[in-house]
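Visitor: Structure for this input, please:
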Amino acid sequence: MSDLDFTICCKVTFFSKKRGTPPNLNNGKYCPHLVIKGSEQLLGVNFIDGEDVIFDQPIRANALPINEDVDYSSLQEGTEFLIMEGSNIVGEGIVKEIFQHKPHERKNFRVLYPLVVL
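Guide: Predicted coordinates:
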């Protein structure tokens, strides 16, 4: 899974004692690292949507991988992970599903008129 063409569907819990305010998982700006329990590898993700965060309660959320040079293949259904902000563990979660995106079909287009740059 070296390509970044999948969504990580998961259940996550954010810890009230680790954050002052709950993160917004729906604005596309929350980009923590996931660390698989028992591992030290940082897996950068971008949360793209999810339920409103209620501290210390599990919610559903979806995230996209963001680093081309990182191997995300260890994230599989049932994988448990920690959510990291810097060196702080702010939550935990479990992968419920890896949703593989379908590749776009490339169509052959003919150029009817040459491009002229003025």
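
Visitor: for this protein, what spans make up the helices?
Guide: Counting by DSSP state H, no segments of the chain form helices.

Visitor: Going along the chain, name the strands of it.
Guide: Assigned by DSSP state E, the strands in the chain fall at 6-14, 33-36, 43-50, 59-65, 80-85, 88-100.

Visitor: Tell me the strands beside the fifth one, with direction?
Guide: In the sheet containing strand 80-85, the strands it pairs with under DSSP bridges are strand 33-36 (antiparallel), strand 88-100 (antiparallel).

Visitor: taking the mean pLDDT, what do you get for the first one?
Guide: Over the span of strand 33-36, the pLDDT mean works out to 98.

Visitor: Just the C-alpha atoms of it, please, in PDB.
Guide: Listed next in PDB are the C-alpha coordinates belonging to strand 33-36 (Å, rounded to 0.1, in the frame of the first residue of the first chain):
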ATOM      1  CA  HIS A  33       0.600  11.100  13.400                       C
ATOM      2  CA  LEU A  34      -0.700   7.600  14.100                       C
ATOM      3  CA  VAL A  35       1.600   5.100  15.800                       C
ATOM      4  CA  ILE A  36       0.600   1.400  15.700                       C
END
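
Visitor: So what touches stretch 33-42?
Guide: For stretch 33-42, the external contacting residues (CB atoms under 8 Å, 6 or more residues apart in numbering) are 8, 43-45, 63, 70, 74-75, 79-85, 92-93. From N, CA and C alone the C-beta is placed, and that goes for glycine too.

Visitor: Start and end of that stretch, how far apart?
Guide: End-to-end span of stretch 33-42 (CA to CA, to the nearest Å): 6 Å.

Visitor: before we move on, the earlier item: same list, the strands of the chain, but as CSV with mean neighbour count please.
Guide: Formatted as CSV, the strands of the chain follow (neighbours: other CB atoms under 10 Å):
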stretch, mean neighbour count
strand 6-14, 20
strand 33-36, 19
strand 43-50, 19
strand 59-65, 20
strand 80-85, 19
strand 88-100, 16
